[in-house]
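K.L.:
here is my input, please return the structure:
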Amino acid sequence: MIGSRAVAQRRPRYSQLMVAVAGLVLLLVAACGTEEETGDPTATSNTGGSDAAAASNALVIGNVDASNPAQKIAEFQPLADYLAANLEDFGVTEGTVRIARDTEEMAELVKSGEVDIYIDAAFPAMDVCEAAGCEFALRQWKGNTAELAGVFVAKKGSGIASLEDLKGKIIMLEQPHSTVGHILPLATLSLQGISYRAVEDQNAEVGPDEVGYFVSPGGQSSMNMLLNGQIAGLAFGERSFSQFSPDVQNQVEIIAKTPGAPSQLVACSPEMDPERAAEVTRLMVGLSDSEEGREILVTLRETQKFEEMPADVMAALDELYQTVKLVMQE
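P.N.:
Got it, this is the predicted structure:
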């Protein structure tokens, strides 16, 4: 699986995939996460644990985040409450949020029906649904777009103007579960015929024909390391990059961009009653039509809306997902 672990080393397998991925990305465009293993149990909102949720017939929203489950619970609880309040006719009495440590755990929760609605970034979500047998009903719009991409940036004047210039150097990526800041950047390197391997820090030695990478501590500290010359490049989501000040952005340049993928996907458990699932998706699509709904969307990291997943986009994304898995195989 690619959504819940980093890849130690990969050899490029790209000669037959460049044209296919380019075509898939065009179709997606036209049609339109820290994670560390901990010993803590799966986090659940204070309205009850899994036993309480089952007993009270709660609607459970799920997400994967091992590092800060409390933040994710706060993010999704207003949506859970809203859906529960509008599903009384289906016997729902409350809404809860369940945060799993990794995609494997979430797949079990979705498959068993302990999580009713699963919301997550594209590639971790596809890992989960491939294992759990669920299908995607909705996609999320953020930043006024239905999809996001990752960018590689380098310091201006560093002599690094392309991915080829990163050979023999070390870069930083976002956490392993990040679609646009980790998974797609690694796939992009492979598609360019560039070998890469994980290293411990910026002081590691790498060969002249490979790129070393390690996981970013996040935010300004990562950018400071780039501006101070401690790393050669930094890859993260283009939306994250846009949040840096103009002064910071003017000191770096984008040297490459990854293929795009939906910001977030929404799937229902295969164990969920089809009529209830249909009503959930209707309610989520309708959030952008009311003041109450729009306030809930704001809590979901400035989401603009949810919309039904177009069939052609889903087909293209599924092919891209399979391609990325193939590219990143050893």
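K.L.:
where exactly do the helices run in the protein?
P.N.:
Remark: helices assigned in the chain by DSSP state H are 18-30, 50-56, 69-85, 103-112, 122-132, 184-191, 219-227, 238-242, 246-249, 274-285, 291-299, 311-327.
K.L.:
now find how far off-centre the third one is within its chain.
P.N.:
By that I understand helix 69-85. Helix 69-85 has its C-alpha centroid displaced from the chain centroid by 18 Å (CA atoms, centre = their mean, to the nearest Å).
K.L.:
and for that helix, what's in contact with it?
P.N.:
With contacts defined as CB atoms under 8 Å, 6 or more residues apart in numbering, helix 69-85 is touched by 40, 43-45, 58-61, 63, 65, 92-97, 99, 117, 119, 280, 283-284, 287, 292-293, 295-296, 299-301. Quick note: C-beta positions are derived from backbone N, CA and C, even for glycine.
K.L.:
show me where pLDDT drops low in the stretch 101-250 of the chain?
P.N.:
The stretch 101-250 of the chain contains residues with pLDDT under 70 at 218-219.
K.L.:
and residue 230, how far from residue 169?
P.N.:
Going from residue 230 to residue 169 by CB to CB, to the nearest Å gives 11 Å.
K.L.:
which of those two has more neighbours?
P.N.:
Per other CB atoms under 10 Å, whichever of residue 230 and residue 169 has more neighbours is residue 169, with 19 against 14.
K.L.:
surely the more buried one meets residue 206?
P.N.:
Yes. With contacts counted by CB atoms under 8 Å, residue 169 reaches residue 206, the gap being 7.2 Å.
K.L.:
quickly list what's touching both of the two.
P.N.:
By CB under 8 Å, 6+ apart, the residues touching both residue 169 and residue 206 are residue 212.
K.L.:
from the contact counts, what lies against the biggest strand by length in the chain?
P.N.:
The single longest strand within the chain, with elements called by DSSP state E, is strand 252-262. Applying 3 or more CB pairs under 8 Å, 6 or more residues apart in numbering; DSSP states H and E, we find strand 252-262 packed against helix 18-30, helix 122-132, strand 147-155, helix 184-191, helix 219-227, strand 233-237, helix 311-327.
K.L.:
nearest to residue 103, out of the ones you listed?
P.N.:
The closest of those to residue 103 is helix 122-132. By CB to CB, the value is 4.5 Å.
K.L.:
which residues touch the closest one?
P.N.:
In contact with helix 122-132 (CB under 8 Å, 6+ apart) are residues 1-4, 33, 64, 103-104, 106-108, 110-111, 118-120, 134-136, 177, 179, 183-184, 261-265, 267, 269-270, 317-318, 321, 324.
K.L.:
list phi and psi for residue 273.
P.N.:
Note on residue 273: its backbone torsions stand at phi -60, psi 130 [degrees, to the nearest 10].
K.L.:
residues near it, how many?
P.N.:
Residues lying near residue 273 (other CB under 10 Å) number 15.
K.L.:
which one is it nearest to, not counting chain neighbours?
P.N.:
Among residues not flanking residue 273 along the chain, residue 90 sits closest, at 7.1 Å (CB to CB, 6 or more residues apart in numbering).
K.L.:
how about the one you found, what does it touch?
P.N.:
Applying CB under 8 Å, 6+ apart to residue 90 gives the contacts 273, 275, 276, 279.
K.L.:
likewise for residue 254?
P.N.:
151, 152, 153, 241.
K.L.:
the residue nearest to residue 273 and residue 268, how far apart?
P.N.:
When residue 90 is compared with residue 268 (using CB to CB), they lie 13 Å apart.
K.L.:
try residue 138
P.N.:
Distance from residue 138 to residue 268, by CB to CB: 9 Å.
K.L.:
overlap in contacts, these two.
P.N.:
With CB under 8 Å, 6+ apart as the test, residue 138 and residue 268 both reach residue 281.
K.L.:
between the two, tell me which one has more neighbours.
P.N.:
residue 268 (24 against 21).
K.L.:
which one is that one nearest to, not counting chain neighbours?
P.N.:
Here the residue nearest residue 268, using CB to CB, 6+ apart, is residue 277, at 4.1 Å.
K.L.:
wait, the one you found touches residue 135, no?
P.N.:
No. Residue 277 is not in contact with residue 135 according to CB under 8 Å; the separation is 9.8 Å.
K.L.:
who has more neighbours out of those two?
P.N.:
Taking neighbours as other CB under 10 Å, residue 277 and residue 135 compare with residue 277 leading, 21 against 11.
K.L.:
re earlier: which residues do residue 277 and residue 135 both contact?
P.N.:
Shared contacts of residue 277 and residue 135 (CB under 8 Å, 6+ apart): residue 268.
K.L.:
distance of the most centrally placed residue in the chain relative to residue 227?
P.N.:
Compute the mean C-alpha point of the chain, and by CA atoms, centre = their mean the closest residue is residue 121, 2.9 Å away. For residue 121, the distance to residue 227 equals 27 Å [CB to CB].
K.L.:
let me see the contact set for residue 109.
P.N.:
Residues near residue 109 by CB under 8 Å, 6+ apart: 42, 62, 98, 100, 115.
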